[in-house]
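Trainee: Predicted structure and sequence below. I'll ask about it afterward.
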Amino acid sequence: GRFAIPVEFLAKLTIEITYFGYNKFQKEYHVAGGKDTIDVGDIGLTLSDVLLGEAEVKARAKRFTMRGDTVVFNPEAFHLEEGERMATLLTQLPGVSINDGKLFFMDKQVHLKMNGRDVTDDKLIGLLPAEAVQNVKSYEQKSQVTELTGMDDGERRQVLDIVIKPGFMDKWYGQTKASAYASENYRASANLHYLTDRDPFNVYVRASDSETRTWGVSGDSEYDWGSPEPSRQQFGSLSYKHSWRPEGVKTSFNEDYWNLGFSPDHNDIRQNSWQNRQTFADVTQPVFSSQHGYNYKHSLDLPLQASLTMHLDPRSWLRVETRGNLTKGDNRSRTEEETYHADQFADADRTMVNASTTKTLRHSDSREVRAVIQYNRVFDGGDLAISIDPQWRREKGNTSQQRTYDYFDLGTHDDMQQTERSESEYRQFKVDAVVNYQIVPKRLKSSAGYMMSYSHTTDNSLATRNSLIDDANSFDRSRKNLDCQPYLALSTSLG
């Protein structure tokens with residue numbers, strides 16, 4: 001290369017040049033005859049006799065760094081097998097754990113984000129490869145009111161923000177599992193997710209039939225547990241989210257979105273029971289009895305969820321969460337019981353005292369709708385918060401039971417039929433409004449609010465016994481409740 005070095009007036013100048021793999025060059029120059037420039041010409045370096053043919057440098061990458069109050073984890077510093085999923089990486093991060101399908105950091109449940117946007121499908125971390133992660137940020141996020149006003153309202157949430165490498169975005173990810181057994185039992189599931197910042201989409205389905213196990217899903221993984229009731233299950237979930245960046249919003253809450261979720265669940269459970277008893281009411285004449293039970297349960301659950309988070313302007317926003325659910329169930333059972341004066345298995349000469357058969361059929365229908373609407377507005381010196389919470393629920397049940405008794409020692413026979421029709425309805429409406437004003441900016445805050453709650457519950461039941469109304473078990477009730485509470489408070493921040 002070429003170089004020129006300006007220096008102060010000197011009578012002698014020493015130039016020394018070194019470079020890895022070459023011998024050092026050193027030469028002295030003298031300034032004489034009134035010259036102000038020294039031309040050193042071309043300088044050639046000679047190769048050193050000792051050269052490294054190969055060099056291996058080993059270093060341990062930092063597992064995390066601190067950026068202010070944010071912990072930034074480096075995935076490259078953690079040893080993972082090829083093909084490992086993101087969930088495995090997260091569990092290796094110091095302080096991060098997964099319990100019951102939920103993520104925790106330092107024993108605090110985390111709010112999961114990806115590329116700074118809320119994650120609505122927690123099964124996603126079980127699908128994405130660990131190599132897709134650029135870094136993971138953990139920080140404590142204050143409320144939006146605190147960020148805008150500077151007055152700490154005490155609300156916090158622990159955030160785990162996963163930054164994805166650009167090459168892994170806008171792609172489909174999926175996983176399938178299947179297993180079969182020697183009998184006719186089986187288990188299969190499939191999970192499919194389209195990863196994108198603006199419009200993520202997820203489909204999950206599961207089907208199983210087992211004599212001894214019940215299957216479920218929580219967070220990023222499937223699980224099963226021992227069950228004495230053979231069950232057949234079909235479950236599915238469908239979720240979609242659309243998000244956008246609101247204009248003019250400068251807080252960390254800079255994402256608006258709406259999302260839909262539908263998770264139907266169908267179950268068939270079969271259970272048979274058998275029991276033998278020996279009763280010593282009379283020591284000289286013990287009584288032996290046996291009981292056989294047959295039970296079948298059928299249930300269908302159809303939950304639908306929707307939510308909206310939207311800024312009306314940079315200082316006001318609206319949040320809406322709605323949930324609807326329809327649940328239907330059928331329960332059929334039959335119980336047979338026989339009583340003997342001798343052990344029916346040990347004694348060939350046994351006498352049956354009595355026998356009974358009970359058949360029960362119950363149908364249930366439950367419907368529920370609930371919405372939570374929250375409006376927040378920040379103004380100079382304070383903020384306004386209004387919450388509205390309407391809820392409606394209705395439950396219906398029809399039960400019919402037929403009992404047959406045979407008393408062989410008395411030579412009598414008795415039939416009894418019982419029915420019951422029940423219905424309950426619950427309606428609730430809550431309104432909560434709070435105005436906060438900073439008397440001393442960032443130090444002293446006053447709060448004034450008003451809470452109103454109204455509920456109305458009705459219950460009625462009509463019971464019959466052998467076609468006659470059973471007054472003791474029939475009723476018609478109605479209850480209403482109104483609760484109003486104004487309040488005023490002062491709070492201070494010592495930080």
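Mentor: Right, received. Where do you want to start?
Trainee: now the stretch 351-495 of the chain, which segments are flagged as low pLDDT?
Mentor: Scanning the stretch 351-495 of the chain for pLDDT under 70 picks out 493-495.
Trainee: what are the ranges of the helices in it?
Mentor: Counting by DSSP state H, counting those that start in this stretch, the stretch 351-495 of the chain forms no helices at all.
Trainee: One more: the chain?
Mentor: For the chain, the helices defined by DSSP state H cover 86-92, 144-149.
Trainee: could I get these as CSV with distance to Val133 and mean neighbour count?
Mentor: To be clear about C-beta, it is placed using only N, CA and C from the backbone, and glycine gets the same treatment. Below are the helices of the chain laid out as CSV (distance: least, CB to CB, whole Å; neighbours: other CB atoms under 10 Å):
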stretch, distance to Val133, mean neighbour count
helix 86-92, 6, 19
helix 144-149, 27, 19
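Trainee: closest one to Tyr204 among those helices?
Mentor: Nearest to Tyr204, of all the helices of the chain, is helix 86-92, at 15.2 Å by CB to CB.
Trainee: quick one: Arg198 and Asp161, what's the gap?
Mentor: 17 Å (CB to CB, to the nearest Å).
Trainee: okay, those two: which has more neighbours?
Mentor: Neighbour comparison, Arg198 and Asp161: the larger count goes to Asp161, with 22 against 12 (by other CB atoms under 10 Å).
Trainee: For that one, give me its contacts.
Mentor: Applying CB atoms under 8 Å, 6 or more residues apart in numbering to Asp161 gives the contacts 113-116, 136-139.
Trainee: And the buried ones among those, selectable in ChimeraX?
Mentor: Buried residues within those, by 16 or more other CB atoms under 10 Å, are selected in ChimeraX with:
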select :113,114,115,136,137,138,139
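Trainee: So which of the contacts of Asp161 is the closest to Ser263?
Mentor: Met114 (21.1 Å).
Trainee: re earlier: Asn191: which of the helices of the chain is closest?
Mentor: For Asn191, the closest of the helices of the chain is helix 86-92, at 12.5 Å, according to CB to CB.
Trainee: so for that closest one, what's the average pLDDT?
Mentor: Averaged across helix 86-92, pLDDT comes to 89.
Trainee: Now do it: which elements does it pack against?
Mentor: With contacts taken as 3 or more CB pairs under 8 Å, 6 or more residues apart in numbering; DSSP states H and E, helix 86-92 sits against strand 96-99, strand 133-142.
Trainee: Out of these, flag the one nearest Ser189.
Mentor: Ser189 lies closest to strand 96-99 among the helices and strands packed on helix 86-92, at 18.8 Å (CB to CB).
Trainee: chain center to stretch 195-215, what's the gap?
Mentor: Averaging C-alpha positions (CA atoms, centre = their mean, to the nearest Å) puts stretch 195-215 14 Å from its chain's average.
Trainee: buried set for it?
Mentor: By neighbour count on 16+ other CB under 10 Å, the buried set for stretch 195-215 is 195, 197, 200-202, 204-210, 213-215.
Trainee: which among those residues gets closest to Tyr450?
Mentor: Pro200 (39.3 Å).
Trainee: Hmm, that closest one is touching Gly261, no?
Mentor: No: taking CB atoms under 8 Å as the definition, Pro200 is not a contact partner of Gly261, at 11.9 Å.
Trainee: Overlap of the contact sets of those two?
Mentor: Counting by CB under 8 Å, 6+ apart, the residues touching both Pro200 and Gly261 are Thr120.
Trainee: and the closest residue to Gly381 other than its chain neighbours, what are its bridge partners?
Mentor: Residue nearest to Gly381 in three dimensions, not counting chain neighbours: Gln438, with 5.2 Å by CB to CB, 6 or more residues apart in numbering. Beta bridges link Gln438 to Lys445, judged by DSSP bridges.
Trainee: how about Gln438, what does it touch?
Mentor: Gln438 touches 149, 151, 381-382, 444-445, counting by CB under 8 Å, 6+ apart.
Trainee: From Ser252, how far out is it?
Mentor: Computed with CB to CB, the distance linking Gln438 and Ser252 is 21 Å.
Trainee: How about Gly154?
Mentor: Distance, Gly154 to Ser252, by CB to CB: 17 Å.
Trainee: the more surrounded of these two?
Mentor: Taking neighbours as other CB under 10 Å, Gly154 and Ser252 compare with Ser252 leading, 15 against 9.
Trainee: quick one, what contacts that one?
Mentor: Residues near Ser252 by CB under 8 Å, 6+ apart: 141, 147.
Trainee: So what does it look like in phi/psi?
Mentor: Per-residue torsions, Ser252: phi -70, psi -10 (degrees, to the nearest 10).
Trainee: For stretch 266-280, buried residues please.
Mentor: Within stretch 266-280, the residues that qualify as buried by neighbour count (16+ other CB under 10 Å) are 266-267, 269.
Trainee: And for stretch 91-108?
Mentor: Within stretch 91-108, the residues that count as buried by 16+ other CB under 10 Å are 92-93, 96, 98, 101, 103-105.
Trainee: Tell me the one of those nearest Arg187?
Mentor: Among the buried residues of stretch 91-108, Gly101 lies closest to Arg187 (CB to CB), at 18.4 Å.
Trainee: That closest one and Gly126 touch, don't they?
Mentor: No: Gly101 lies out of contact with Gly126 (CB under 8 Å); the separation is 9.5 Å.
Trainee: and Ser461, what does it touch?
Mentor: Ser461 makes contact with 420-423, 473-476, according to CB under 8 Å, 6+ apart.
Trainee: ditto for His413
Mentor: Counting by CB under 8 Å, 6+ apart, His413 has contacts 404-407.
Trainee: What separation is there between it and Arg334?
Mentor: For His413, the distance to Arg334 (CB to CB) stands at 18 Å.
Trainee: How about Asn259: which residues does it bridge to?
Mentor: Under DSSP bridges, the beta-bridge partners of Asn259 are Lys241, Ser307.
Trainee: measure it to Glu321 for me?
Mentor: Relative to Glu321, and taking CB to CB, Asn259 is found at 10 Å.
Trainee: Between the two, which has more neighbouring residues?
Mentor: When Asn259 and Glu321 are compared for neighbours, Asn259 comes out ahead with 18 against 15, by other CB under 10 Å.
Trainee: That one is in contact with Arg117, isn't it?
Mentor: No: applying CB under 8 Å, one finds Asn259 not in contact with Arg117, separated by 11.3 Å.
Trainee: Excluding covalently adjacent residues, which one is nearest to Arg334?
Mentor: In space, and not counting its chain neighbours, Arg334 is closest to Tyr294: 4.7 Å by CB to CB, 6+ apart.
Trainee: The one you found: neighbouring residues, count only.
Mentor: Neighbour count for Tyr294, taken as other CB under 10 Å: 14.
Trainee: one step back: save the helices and strands packed on helix 86-92 as TSV, and put in distance to Lys27 and mean pLDDT too.
Mentor: Formatted as TSV, the helices and strands packed on helix 86-92 follow (distance: least, CB to CB, whole Å; pLDDT from 0 to 100):
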stretch	distance to Lys27	mean pLDDT
strand 96-99	60	84
strand 133-142	50	93
